[in-house]
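J.: Sharing a sequence plus its predicted fold:
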Amino acid sequence: MIVCPNCNHQNPEGATQCEACYTPLPTTTTCPSCGATVQSDAAFCGQCGYNLQPATAAPLEEDPAAIPTVVSPPSAPVTPEPLVTPEPVVTSAVAPPNLEKSNPDPEPVGVRATTSPDLNSSPPTASVQTAGSPTTQLQHLSARLLHIQTNVTLELPPNLPVIHVGKPNDLVPPDLDVSGFPHSEIVSRTHADIRVEGDSYYIEDVGSSNGTYVNNIPLTKGNRHRLRPGDRVSLGKGDLVSFIFQHS
């Protein structure tokens with residue numbers, strides 16, 4: 001029986017078309033081993049497993065012993081070419097230098113030939129000086145008080161940590177004497193101190209009768225004020241003895 005691959009209808013042997021759906025049926029053949037019906041393009045029999053494909057003959061390998069060996073005739077000996085004779089090297093004779101007439105080594109640039117020093121004399125002292133270097137000068141800061149009423153300047157003494165301001169007395173002699181200015185009667189004999197710390201100047205009242213003012217603000221005793229250029233310092237009330245602090 002031939003089963004239709006489309007509708008599974010069983011058709012009789014030898015049928016080429018399905019009786020039910022008219023689908024072309026595959027061609028069949030008979031297994032040479034068991035006689036079962038198999039398709040023509042089948043590789044093995046479904047009943048006995050017989051190989052239905054013809055065996056392909058394997059190509060024969062050539063036996064290397066069977067291949068004839070070709071022997072080439074001996075070649076004629078090759079005669080080498082004659083060697084090229086090198087040309088002779090011509091060397092010029094150089095006369096050796098005459099050591100007796102040769103000049104001595106030239107004197108190096110910048111070095112003078114001097115005679116041997118006298119051992120008994122003392123060695124010269126070498127001084128090193130850098131050309132073009134300016135002389136270093138210490139700059140000292142200076143400060144002063146400009147009296148406003150008379151335009152007289154009082155230089156603050158240098159190298160004093162504390163500068164006493166007032167009028168002559170036996171207890172604390174003033175470093176800045178203001179007794180010669182107008183209205184100096186309002187200034188106490190020990191009126192104020194100016195303290196120097198580095199490049200800064202501080203003023204404080206030391207218990208004066210009429211007080212010390214900086215920019216019209218009174219200073220409390222013991223409360224110092226750092227002076228800045230342009231500050232107005234008044235000794236006593238009424239701004240009658242006033243100075244402008246200058247610093248350079």
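T.: Cool, got the structure.

J.: Regarding the closest residue to Leu145 other than its chain neighbours, what is its secondary structure?
T.: Nearest residue to Leu145, sequence neighbours excluded (CB to CB, 6 or more residues apart in numbering): Phe243, at 3.8 Å. Yep, even glycine has a C-beta here, placed from its N, CA and C like the rest. Assigned by DSSP: H, G, I helix; E, B strand; the rest coil, the conformation of Phe243 is strand.

J.: So this structure: which segments form each domain?
T.: Split into domains by automatic domain parsing, the chain comes to 1-54, 143-247.

J.: Lowest mean pLDDT across those domains, which one is that?
T.: Mean pLDDT is lowest for domain 1-54 out of these, coming in at a mean of 74.

J.: Show the backbone phi and psi for His247.
T.: With angles defined as degrees, to the nearest 10, His247 sits at phi -140, psi 130.

J.: So it is in contact with Leu146, correct?
T.: No: using CB atoms under 8 Å, His247 makes no contact with Leu146, being 11.4 Å away.

J.: give the contact list for His225.
T.: Contact partners of His225, counting by CB atoms under 8 Å, 6 or more residues apart in numbering, are Tyr202, Ile203, Glu204, Val214, Leu219.

J.: Apply 7 Å and report the result again.
T.: Tyr202, Ile203, Val214, Leu219 (CB atoms under 7 Å, 6 or more residues apart in numbering).

J.: ok, now Pro157?
T.: Pro157 neighbours (CB under 7 Å, 6+ apart): Ile163, Asp175.

J.: measure it to Val165 for me?
T.: Pro157 sits 11 Å away from Val165, going by CB to CB, to the nearest Å.

J.: Gly211 too?
T.: 13 Å.

J.: for Glu155, same thing?
T.: For Glu155, the distance to Val165 - CB to CB - is 13 Å.

J.: in stretch 19-38, what's buried?
T.: Residues Leu25, Cys31, Val38 are the ones in stretch 19-38 that count as buried (16 or more other CB atoms under 10 Å).

J.: oh, I was asking about stretch 159-173
T.: So stretch 159-173, judged by 16+ other CB under 10 Å, has buried residues Ile163, His164, Val165, Gly166, Lys167.

J.: Need the winner for burial among the domains of the chain.
T.: domain 143-247 (a mean of 16; mean count of other CB atoms under 10 Å).

J.: quick one: strands adjacent to the top strand by length along the chain?
T.: Looking across the chain with DSSP state E, the single longest strand is strand 190-197. Counting by DSSP bridges, the strands paired with strand 190-197 are strand 162-166 (antiparallel), strand 200-205 (antiparallel).

J.: Looks to me like Ser179 is in a helix.
T.: No: judged by three-state DSSP, Ser179 forms no part of a helix; its state is coil.

J.: Provide a list of residues in contact with it.
T.: Lys167, Pro168.

J.: Now with 8 Å, please.
T.: Per CB under 8 Å, 6+ apart, neighbours of Ser179: Lys167, Pro168, Val187.

J.: That one and Val165, how far apart?
T.: Ser179 is 11 Å from Val165, by CB to CB.

J.: now swap in Glu13 and tell me
T.: Counting by CB to CB, the gap from Glu13 to Val165 is 149 Å.

J.: cool, Asn215 as well?
T.: Asn215 is 17 Å from Val165, by CB to CB.

J.: returning to that earlier point: could you dump the contacts of His225 into TSV and include distance to Arg195?
T.: Output for these, formatted as TSV (distance: CB to CB, whole Å):
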residue	distance to Arg195
Tyr202	5
Ile203	8
Val214	14
Leu219	13
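
J.: coming back round to it: who touches the longest strand of the chain?
T.: 156, 160-167, 169, 171-172, 174, 176, 178, 201-208, 212, 224, 227, 235.
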